[in-house]
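> With the input below, show me the fold.
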Amino acid sequence: MTPNWTSLRFFSRAVSQTRTPMSILGRNSKTHLLPFSVKLHLVPRDGFGVHPLQRALGSLVVSESAVDYPPQTRKSRRVRPRMSDEARAVCRIVGQADWNPCGSSGMLEQAGFRLTPQVVVEVIKVQDPVVALRIFIWAGRQEGYVHDFSSRNSIVQLWGHKPQFESFVEILDRLTEGDFVITPEKCLVLIKGYGWAGLVDEAIRAFEQLQSKGYTLGVVHFNSIFHVLVKAVRLKVVARLYEQMLDAGISPNSITYALRMRGFGWAGQGEEAIKVFREMLKKGFYPDFCTFGVLIDSVCQLDRVEKMYMIVFELLKARPVFDPTYYDTLIERLCKNGYAEKAKNLVDSLKKRGISATASIYSMIVTGFCRLDKVHDAIMIVDEMVRNRLLPDVEASNVVISTLLREGKVSQTFSFIDRMTSKGLTADISTYDVLIDGLCQCGELQKALGIWNTLVKLCAPNVYSSCILVDGLCKRKRLSQAKLVFKKMVEADCVHDILLDSFKILHSSFRNAGRLNEIKDLWPGMKGGVYISSFQNAKFQGMENYSDCEDVSENNAN
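Numbers count the residues shown, from 1 in each chain. Okay, the predicted model is just below:
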């Protein structure tokens, strides 16, 4: 089937709305048609993994502040600062398997030096934030050591974004004072801080110390320790303290139930999570969306979808006004766990109860079927959406297109595009990436070139689509056309790392064909076949000045 270029132009209506970032499409184009802030996606060849080009690209977000100001240099590799012998000795101590961050260490005496705040600062700077916090706590407990401003400041720089962290540091400093009295409020801060450091036993010890003082505790104190224990999946301790809470006449609240449900869910104990869920509903509480998602995941692990229906209808019975966000969470988790068909059945069941699915829910199911390589079922869902006067989102449409092309169904792909565009669906620039990549994989290079030419007419060459096309043309030995596509990018002054990778592919293909001389003047500033040897660390300015270059001309290419 020949592509309907009129439909493709209509399909790209969203592309032709606003100005294009010059750092993506070039500064020499007559029109700039893309939005200032646009996130471009590469749909992988398998539909859901990592696209080969995306490993080099990542997900690029171009902001307005970056327009007209392409990056001039690469960030240099981070160099670890030189450490003193004392700091190296401390690193060896804290790196041992038997290191106890909550006690005093006799290894310092064996090392023959005294711990100082300067040494602590050196060690903290080269550690992971959690390990750094443990080292900070451990240092404060060493005999003769006192934190000063520099050591406190170094840890606050890592953890200052956490509320009450500075209060936690202050309480740590005063713990060793004989007249220091721990109160319920201070204990809450201590439990929270120990939780950040992953020192679960210390958090338990602080809580039990508070209990032993005879203070009247509330649900907030138990929730605080539950939060630490659940993250560490210490469910037996949670169960013991929960019984203590009930025996003390303290009523659990929605946060208590949510924490327990999350703990069982993360531990894969779906049946226990369901019990907590039902207990929660009886008390008149409802799970938040995150907790509800954890519950759905744990039930999916049981592989008993009938439980899913019971959960939904029990929630619906307890809360007649069914929040759409629950609906989104439910369908998203079902499709993520490979139950797209069950998700569709659930949508049909809820529809009979007067709860209609939104376009986003249908789009999730479409994507879920494509993930299972059931593109025919996905298209049937799209047809149902059209009958309900809904349209899939761009990402779902792109996944359908990618899946069809992966299966070699080129004619059906363009039929799908024509049908969607006739219904008013607009796409973003990533649709061109999907089409060109899929057509190249199918060997339909002429169609891929046609789509690329359409894109060039609409705006300037898109660096992603162009690089995909260069790769496909080189693999099919159509080097002259690959050279023309790359030349168009250079003339449009496209700037991005992947352009260097694309040139590497082009250079390798021409070299293997014995035609290296044909591209020696392709790149501005190139002389005698010189090009970038280290693509990730190359420093460049605009498209003309390069450093870290290596001569790989025909004489020394090998």
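> how far does stretch 196-215 sit from the chain's center?
Computed by CA atoms, centre = their mean, to the nearest Å, the separation of stretch 196-215 from the middle of its chain amounts to 34 Å.
> Give me the buried positions along that stretch.
Neighbour-count burial for stretch 196-215, counted by 16 or more other CB atoms under 10 Å, picks out 196-200, 202-204, 206-207, 210. (Each C-beta comes from the backbone N, C-alpha and C, glycine too.)
> Can you name the two of those that sit furthest apart?
Gly198 and Leu210 (20.3 Å; CB to CB).
> same for the one helix or strand Val299 maps to, what does it pack against?
Assigned by DSSP states H and E, Val299 belongs to helix 289-302. Secondary-structure packing of helix 289-302 (3 or more CB pairs under 8 Å, 6 or more residues apart in numbering; DSSP states H and E): helix 254-266, helix 270-282, helix 305-318, helix 324-336.
> Now Ile361: closest residue in space, sequence neighbours ignored.
Ile331 (5.0 Å; CB to CB, 6 or more residues apart in numbering).
> got it, and Glu271?
Among residues not flanking Glu271 along the chain, Leu302 sits closest, at 7.2 Å (CB to CB, 6+ apart).
> residue ranges of the helices in the stretch 151-300 of the chain, please?
165-174, 184-196, 200-212, 219-231, 235-247, 254-266, 270-282, 289-302 (DSSP state H, counting those that start in this stretch).
> Could you identify which of the ones you listed is most buried?
Compared across the helices of the stretch 151-300 of the chain, helix 254-266 shows the largest average neighbour count, a mean of 23 (mean count of other CB atoms under 10 Å).
> sorry, back to before: list the contacts of the residue nearest to Ile361.
For Ile331, the contact set (CB atoms under 8 Å, 6 or more residues apart in numbering) comprises 343, 346-347, 357, 361, 364-365.
> State the pair within those residues that is farthest apart.
Once CB to CB is applied, the contacts of Ile331 give Leu346 and Met364 as the farthest pair, at 11.8 Å.
> neighbour-wise, which of these two wins?
Met364 (27 against 23; other CB atoms under 10 Å).
> Under a three-state scheme, what state does that one occupy?
Taken by DSSP: H, G, I helix; E, B strand; the rest coil, the conformation at Met364 corresponds to helix.
> What is the neighbour count of Arg406?
As a burial measure, Arg406 scores 20 neighbours (other CB under 10 Å).
> Quick check: it vs Thr413, distance?
Remark: distance between Arg406 and Thr413 (CB to CB, to the nearest Å) = 10 Å.
> tell me, what's touching these two both at once?
With CB under 8 Å, 6+ apart as the test, Arg406 and Thr413 both reach Gly438.
> In space, what's closest to Ala357 - neighbours in sequence excluded?
Ala357 sits nearest to Val347 (CB to CB, 6+ apart), 4.8 Å away.
> and the one you found, what element?
Assigned by DSSP H and E, Val347 falls in helix 340-352.
> Packing partners of that helix?
Using 3+ CB pairs under 8 Å, 6+ apart: helix 340-352 touches helix 305-318, helix 324-336, helix 359-371, helix 375-387.
> In a markdown table: those helices, plus mean pLDDT and distance to Phe168.
Listed next are these as a markdown table, based on pLDDT from 0 to 100; distance: least, CB to CB, whole Å:
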| stretch | mean pLDDT | distance to Phe168 |
| --- | --- | --- |
| helix 305-318 | 76 | 38 |
| helix 324-336 | 81 | 33 |
| helix 359-371 | 93 | 41 |
| helix 375-387 | 93 | 51 |
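> wait, Glu395 sits on Met364?
No - under the criterion of CB atoms under 8 Å, Glu395 is not in contact with Met364, lying 10.0 Å apart.
> list residues touching both of these two?
With CB under 8 Å, 6+ apart, Glu395 and Met364 have no common neighbours.
> Near Phe149, how many other residues are there?
Using other CB under 10 Å, Phe149 has 8 neighbouring residues.
> what residues are up against it?
If you count contacts by CB under 8 Å, 6+ apart, Phe149 has none.
> From Cys300, how far out is it?
In terms of CB to CB, Phe149 sits 51 Å off from Cys300.
> Please name the nearest non-neighbouring residue to Tyr242.
Tyr242 sits nearest to Arg260 (CB to CB, 6+ apart), 7.0 Å away.
> meant to ask about Val119
Val119 sits nearest to Glu86 (CB to CB, 6+ apart), 4.7 Å away.
> Touching, the one you found and Pro117? I think so.
No - with contacts counted by CB under 8 Å, Glu86 stays clear of Pro117, the gap being 11.7 Å.
> related to what we said a few turns ago, need the residues that contact the helix holding Val299.
Contacts with helix 289-302, where a contact means CB under 8 Å, 6+ apart, come from 258, 261-262, 264-266, 268-271, 273-274, 277, 287, 307-308, 311, 325-326, 329-330, 332-334, 337, 339.
> Kindly report the same for stretch 122-132.
Stretch 122-132 has contacts (CB under 8 Å, 6+ apart) with 80-81, 83-84, 87, 90-91, 94, 135-136, 151, 154-155, 158-159, 196-198.
> Give the buried subset of those as a PyMOL selection command.
Of the contacts of stretch 122-132, the buried ones go into a single PyMOL selection, burial set by 16+ other CB under 10 Å:
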select buried, resi 83+87+90+94+135+136+151+154+155+158+159+196+197+198
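> circling back to that earlier point, what angle do the helix holding Val347 and helix 375-387 make?
20 degrees (axes from the mean of the first three to the mean of the last three CA atoms, to 10 degrees).
> Could you measure from Asn223 over to Thr256?
As defined by CB to CB, Asn223 lies at a distance of 6 Å from Thr256.
> which stretch of helix or strand covers the residue nearest to Val119?
Counting by DSSP H and E, Glu86 is found in helix 85-94.
> For that helix, name the packing helices and strands.
helix 107-111, helix 117-125, helix 129-140.
> can those go into a markdown table with extra columns for mean pLDDT?
Listed next are the helices and strands packed on helix 85-94 as a markdown table, based on pLDDT from 0 to 100:
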| stretch | mean pLDDT |
| --- | --- |
| helix 107-111 | 64 |
| helix 117-125 | 92 |
| helix 129-140 | 92 |
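> out of those helices, nearest to Asp418?
That would be, of these and by CB to CB, helix 129-140, which comes in at 52.9 Å.
> And stretch 297-316, what's buried?
In stretch 297-316, counting by 16+ other CB under 10 Å, buried: 297-300, 302, 305, 307-308, 311-312, 315.
> just stretch 136-152 next, same as before
By neighbour count with 16+ other CB under 10 Å, stretch 136-152 contains the buried residues 136-141, 145, 147, 151-152.
> Pick the one among those residues closest to Gly450.
Phe136 (62.0 Å).
> what ranges of this protein fall below the confidence cut-off?
Applying pLDDT under 70 to the chain flags the ranges 1-81, 104-112, 305, 320-323, 460-461, 493-497, 523-558.
> Mind doing that once more with 50?
Applying pLDDT under 50 to the chain picks out residues 2, 4-79, 525-558.
> Scan it for its longest helix.
When every helix of the chain is counted residue by residue (DSSP state H), the longest turns out to be helix 497-512.
> Against which helices or strands is that one packed?
If you count contacts as 3+ CB pairs under 8 Å, 6+ apart, helix 497-512 packs onto helix 52-57, helix 463-475, helix 479-491, strand 530-532.
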